[in-house]
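Asker: with the input below, show me the fold.
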Amino acid sequence: MKTIRTIIFVMCMSMLAGQLFAGGFALTGVDSRSTSMAGAFRGLADDPSAMYWNPAGLGFMDENSVSLGGTFILPKVTWDPSGTTVVNNPGYGAQEYEANKKLTMFPSVFATMATSPRLKYGLAFYVPYGLGTTWDAYKLPGSPFVYEAGFPEDEMKSSIAVMDLHPSVAYQILPNLSVGAGLSLMYGTIDIDQLKFPDPSNPYALITSELAGSGIGFGGNLGLLFKATECLSVGLTGKLPAEVPLEGDASVYLWTPAHPDDDGNLVPAMKLGGKSDIEATLNIPAELALGFAYKVFPNWTVSLDYAYTMWESLETVKVEMKDPITIMPGMVVSESELILNWENTSRISLGTEYQRGCNKIRGGFFFEQTPIPEATQIPTISDVGNKYSFNLGWGRQIGQFGVNANVQYMLFDEREIDSAGQTANNMAGTYHSQSTSGNIGLSYSF
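Answerer: So this is what the prediction gives:
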């Protein structure tokens with residue numbers, strides 16, 4: 001009994017940690033033009049989205065502007081537990097499951113002020129981090145194993161978003177050198193559900209947990225832009241690590257169904273556990289990046305970026321419950337520091353822009369590593385492997401007005417975790433993921 005209680009306790013706390021960080025949750029970028037160039041924009045940074053990519057780019061702007069945009073993402077994530085110990089659970093089958101499809105929209109707004117020859121200002125609002133998947137894969141086994149009412153219909157769900165209100169300033173030190181900085185006022189939200197099986201010898205005993213929270217934190221970014229020649233410019237940027245304190249609530253329940261015992265007597269169903277307010281911290285990783293932009297011809301630009309993101313800040317996380325949840329006598333869930341072992345990643349982006357008349361054609365490709373190790377891979381993590389992104393965009397300037405559009409297709413490496421690789425924090429199986437997204441933006445300069 002003591003061993004089972006220990007297993008249940010560890011599983012409860014690992015679920016809360018897995019929920020808090022449900023994947024490599026950074027979006028691929030903001031703004032249509034820069035995204036269509038695969039984010040290879042830090043060495044160019046010549047439009048208002050510089051506030052995200054490289055705030056030093058504001059220093060070379062000579063027009064006031066306002067721009068609006070929106071990114072639309074439709075992910076597809078599948079998980080197939082066939083051939084693993086997971087499929088032996090009566091709630092799963094030897095088949096491929098697909099997360100519920102949902103089109104998600106992330107808005108962005110940029111405004112710049114360039115009335116001073118050297119000192120420039122900007123204000124932006126965008127969503128740099130966002131993730132969401134919902135699963136209805138587990139099926140209750142049915143009579144005589146009948147559970148209490150209220151068992152979640154969508155047993156696995158993740159929704160994470162960080163919104164950034166971002167004032168920026170840049171100063172042109174020399175005719176060919178500018179520095180800039182931005183402040184991030186971040187509002188983060190999470191809403192995560194999960195299902196676990198604490199005792200492999202008893203697959204009918206289930207643990208469900210639901211966690212929701214929100215909070216405000218601060219961060220920032222720095223940038224330098226150097227125009228080495230008329231054709232070549234170099235950008236160097238850094239994002240500061242940040243913390244978003246979260247407050248919300250969590251519930252943890254152990255479900256055991258009604259079932260016959262060895263003597264044929266019916267044991268009643270039980271639902272044990274409860275709810276509590278929680279405190280936790282959402283860590284936002286630091287980043288260093290270097291970008292180059294080269295004008296091959298006056299109407300043709302090629303750009304290259306390298307970014308290093310320090311996801312190791314998510315190695316551990318602590319969740320505190322203000323009111324400890326009693327699962328059963330002698331077993332209480334209160335707080336724990338847990339290991340996630342996220343890893344630092346590299347991203348290489350290549351982009352191009354070709355202008356013909358009033359039209360601009362853009363394209364880009366990037367490769368990015370996944371920070372998620374196999375030991376913490378679960379179905380709600382849509383970042384299942386290294387990513388390959390293909391982008392195509394178009395823009396047109398009509399007087400003081402501009403319009404930009406972009407389509408993006410992203411493919412992930414397949415990830416396969418066999419039964420030997422299953423841990424308390426992951427679920428074995430074969431994972432596939434891909435996403436299609438679009439972005440449209442409107443701008444006005446004056």
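Asker: which secondary structure element of the chain has the lowest mean pLDDT?
Answerer: Least confident helix or strand, the chain: helix 2-20 with a mean of 48, by mean pLDDT, DSSP states H and E.
Asker: so what does the very next helix or strand once past that helix touch, helix or strand wise?
Answerer: Toward the C-terminus, helix 2-20 is succeeded by helix 32-36 as the next helix or strand (DSSP states H and E). Applying 3 or more C-beta pairs under 8 Å, 6 or more residues apart in numbering; DSSP states H and E, we find helix 32-36 packed against strand 359-368, strand 387-398, strand 401-412, strand 429-445. For the C-beta atoms, the positions are set from N, CA and C on the backbone; glycine is no exception.
Asker: avg pLDDT for helix 32-36?
Answerer: Averaged across helix 32-36, pLDDT comes to 96.
Asker: contact partners for the closest residue in space to residue 104 that isn't next to it in sequence?
Answerer: Spatial nearest neighbour of residue 104, chain neighbours left out: residue 73 (5.0 Å); criterion: C-beta to C-beta, 6 or more residues apart in numbering. Taking C-beta atoms under 8 Å, 6 or more residues apart in numbering, we find residue 73 in contact with 27, 103, 104, 105, 106, 130, 435, 436, 437.
Asker: which of those residues are buried?
Answerer: 27, 104, 106, 130, 435, 437 (16 or more other C-beta atoms under 10 Å).
Asker: and the longest strand seen in the chain, which strands flank it?
Answerer: Longest strand in the chain, counting residues (DSSP state E): strand 206-227. Using DSSP bridges, strand 206-227 pairs in its sheet with strand 177-196 (antiparallel), strand 232-239 (antiparallel), strand 242-256 (antiparallel).
Asker: how about the longest one: buried residues?
Answerer: Applying a neighbour-count criterion of 16+ other C-beta under 10 Å, one finds 177-184, 186, 188-196 buried in strand 177-196.
Asker: who's in contact with residue 402?
Answerer: By C-beta under 8 Å, 6+ apart, the contact list for residue 402 reads 67, 395, 396, 441, 442, 443, 444, 445.
Asker: in the sheet, who's paired with it?
Answerer: In this structure, residue 402 bridges to residue 397, residue 443 when assessed by DSSP bridges.
Asker: picking that back up, in a markdown table: the helices and strands packed on helix 32-36, plus distance to residue 423 and mean pLDDT.
Answerer: Below are the helices and strands packed on helix 32-36 laid out as a markdown table (distance: least, C-beta to C-beta, whole Å; pLDDT from 0 to 100):
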| stretch | distance to residue 423 | mean pLDDT |
| --- | --- | --- |
| strand 359-368 | 25 | 98 |
| strand 387-398 | 24 | 96 |
| strand 401-412 | 21 | 96 |
| strand 429-445 | 13 | 95 |
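Asker: what about residue 392, how many residues nearby?
Answerer: 14 (other C-beta atoms under 10 Å).
Asker: thought it was touching residue 436?
Answerer: No. Using C-beta atoms under 8 Å, residue 392 is not in contact with residue 436, being 12.0 Å away.
Asker: any common contacting residues for those two?
Answerer: In contact with both residue 392 and residue 436: 407, 408, using C-beta under 8 Å, 6+ apart.
Asker: Three-state assignment for residue 58, please.
Answerer: Three-state assignment for residue 58 (DSSP: H, G, I helix; E, B strand; the rest coil): helix.
Asker: nearest residue to residue 148 in space, please, no chain neighbours.
Answerer: Excluding its sequence neighbours, the residue lying closest to residue 148 (C-beta to C-beta, 6+ apart) is residue 271, at 4.2 Å.
Asker: again with residue 93
Answerer: Per C-beta to C-beta, 6+ apart, closest to residue 93 is residue 87, 6.8 Å.
Asker: how about low-confidence regions in the chain?
Answerer: 1-24, 336-339 (pLDDT under 70).
Asker: as a markdown table, the contacts of residue 402 with distance to residue 402 and neighbour count would be great.
Answerer: Compiled in a markdown table, the contacts of residue 402 are given as follows (distance: C-beta to C-beta, whole Å; neighbours: other C-beta atoms under 10 Å):
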| residue | distance to residue 402 | neighbour count |
| --- | --- | --- |
| 67 | 8 | 23 |
| 395 | 7 | 22 |
| 396 | 7 | 13 |
| 441 | 8 | 27 |
| 442 | 7 | 14 |
| 443 | 4 | 22 |
| 444 | 8 | 14 |
| 445 | 7 | 19 |
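Asker: list the buried residues of stretch 155-167.
Answerer: For stretch 155-167, a neighbour-count test (16+ other C-beta under 10 Å) marks 155, 156, 157, 158, 159, 160, 161, 162, 163, 164, 166 as buried.
Asker: and of the residues you listed, the nearest to residue 266?
Answerer: Nearest to residue 266 out of the buried residues of stretch 155-167 is residue 155 (C-beta to C-beta; 25.2 Å).
Asker: and the closest residue to the closest one other than its chain neighbours, how close does it get to residue 379?
Answerer: Spatial nearest neighbour of residue 155, chain neighbours left out: residue 195 (4.1 Å); criterion: C-beta to C-beta, 6+ apart. According to C-beta to C-beta, to the nearest Å, residue 195 and residue 379 sit 10 Å apart.
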